[in-house]
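Novice: could you look at this predicted model? Sequence included:
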Amino acid sequence: MRTNPEDICRIVSEMDRMAGLGFEACPCSLGGLVAGLGHPAWEVKLAAVVGLGLRRGRAAVPHLLELLRWEHTQPIYGQKDSVGQDLPKEWTEEQRAAYARRWRLKSEICFALGNCGDASALDALILLCTDQKEDYNVRAAACKALGQLRDPRALPALRVAAGDWEFCTRARARWAMRQIEG
């Protein structure tokens, strides 16, 4: 079921209001949401990603993949070794903010790509679902998206992810395999 434009507008506007960052493009339109992907504030990018995922349109996929590629070029500050572990005390506030931005943005991109249902996202999602340099939230989101795509080419990577050390990633990988295998 597609979310109607009024709901998308309401959700993105509410996210923008909470962030207080002044998203100026019309969040109801594809063009407005795509413009939001280029905003300097990551919270606006996040709101635009959510809006594009709610639209479920394949036209958004190249833009989402471009943002994912951009995010891959940003510094990686490391992956926590276990759930609930604190971030290193020596990290600066900038490093902590980049870490938080990275997993939130990448997870929502994965969810949006799954919602859009376009197989052109398959390779990127396959890489993310098993990459131990990625936050476990990102790996789990990539597994969910792969399950939504239902493409059998994802099964080898999902089998690897089903053995991940982290519970949510394992569970999402197993769910995705059931979606694909029937």
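Specialist: Nice, thanks for sending it over.

Novice: and for Glu43, the neighbour number?
Specialist: 18 (other CB atoms under 10 Å). C-beta: built from backbone N, CA, C; applies to glycine.

Novice: which of the helices or strands spans Trp165?
Specialist: Using DSSP states H and E, Trp165 is not contained in any helix or strand.

Novice: quick one: it from Ala157, how far?
Specialist: 16 Å (CB to CB, to the nearest Å).

Novice: may I have the phi/psi pair for Thr92?
Specialist: The phi/psi pair for Thr92 (degrees, to the nearest 10) reads phi -80, psi 170.

Novice: can you give me the buried ones in the longest helix seen in the chain?
Specialist: As assigned by DSSP state H, the longest helix anywhere in the chain is helix 93-116. Under the neighbour-count criterion of 16 or more other CB atoms under 10 Å, helix 93-116 has 98-99, 101-116 buried.

Novice: for stretch 162-182, same thing?
Specialist: Neighbour-count burial for stretch 162-182 [16+ other CB under 10 Å]: 162, 164, 166, 168-170, 172-177, 179-180.

Novice: in a markdown table: the residues you listed, plus pLDDT and distance to Leu149.
Specialist: Rendered in a markdown table, the data for those read as follows (pLDDT from 0 to 100; distance: CB to CB, whole Å):
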| residue | pLDDT | distance to Leu149 |
| --- | --- | --- |
| Ala162 | 98 | 17 |
| Asp164 | 96 | 19 |
| Glu166 | 94 | 21 |
| Cys168 | 95 | 19 |
| Thr169 | 96 | 17 |
| Arg170 | 97 | 19 |
| Arg172 | 98 | 13 |
| Ala173 | 98 | 14 |
| Arg174 | 98 | 16 |
| Trp175 | 98 | 13 |
| Ala176 | 98 | 9 |
| Met177 | 98 | 12 |
| Gln179 | 97 | 9 |
| Ile180 | 97 | 8 |
